[in-house]
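Undergrad: Pasting a predicted model and its sequence here:
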Amino acid sequence: MRNRNFWILLLLLLSGIVLGGFLGSLAEGISWLRWLNFGQSFGLDSPLILNFGVLVITFGLSIKITMASIIGVAIALIIYRFI
């Protein structure tokens, strides 16, 4: 039962981040909701490429945390608490 709760929590957190980021990008065009898209990006600016001759592997990670995604995570935690 404990593993199932972890997966539900992880799914809710990921959906909160994605939906919050999506709503933040939609609110970017509305002047009084522009603050929802305010945030910070961090990660690799350019991808790391490993060339082995036969095999080329490219690594890249960039994360943008916005106010809307933080609100989405908070709502996901509240929903998880009531499940």
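TA: Structure received. Residues are numbered from 1 along each chain as shown.
Undergrad: which residues of the protein fall in strands?
TA: For the chain, applying DSSP state E gives strands covering 39-43, 48-51, 56-59, 62-66.
Undergrad: Contacts only, for the residue positioned nearest the centre of the chain.
TA: With distances taken as Cα atoms, centre = their mean, the residue of the chain nearest its centroid is Ile17 (4.1 Å). Ile17 makes contacts with Ser69, Gly72, Val73, as judged by Cβ atoms under 8 Å, 6 or more residues apart in numbering. Yep, even glycine has a C-beta here, placed from its N, CA and C like the rest.
Undergrad: Pretty sure the last one sits against Leu14.
TA: No: with contact taken as Cβ atoms under 8 Å, Val73 and Leu14 are classed as non-touching, separated by 9.5 Å.
Undergrad: Have a look at those two and say which one is more surrounded.
TA: Val73 (18 against 13; other Cβ atoms under 10 Å).
Undergrad: What residue, apart from its backbone neighbours, is nearest the more buried one spatially?
TA: Gly16 (4.7 Å; Cβ to Cβ, 6 or more residues apart in numbering).
Undergrad: Please name the residues that touch Leu12.
TA: Counting by Cβ under 8 Å, 6+ apart, Leu12 has contacts Ala76, Leu77, Ile79, Tyr80.
Undergrad: Put together CSV for the residues you listed, with distance to Val56 on each row.
TA: Below are the contacts of Leu12 laid out as CSV (distance: Cβ to Cβ, whole Å):
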residue, distance to Val56
Ala76, 37
Leu77, 40
Ile79, 42
Tyr80, 40
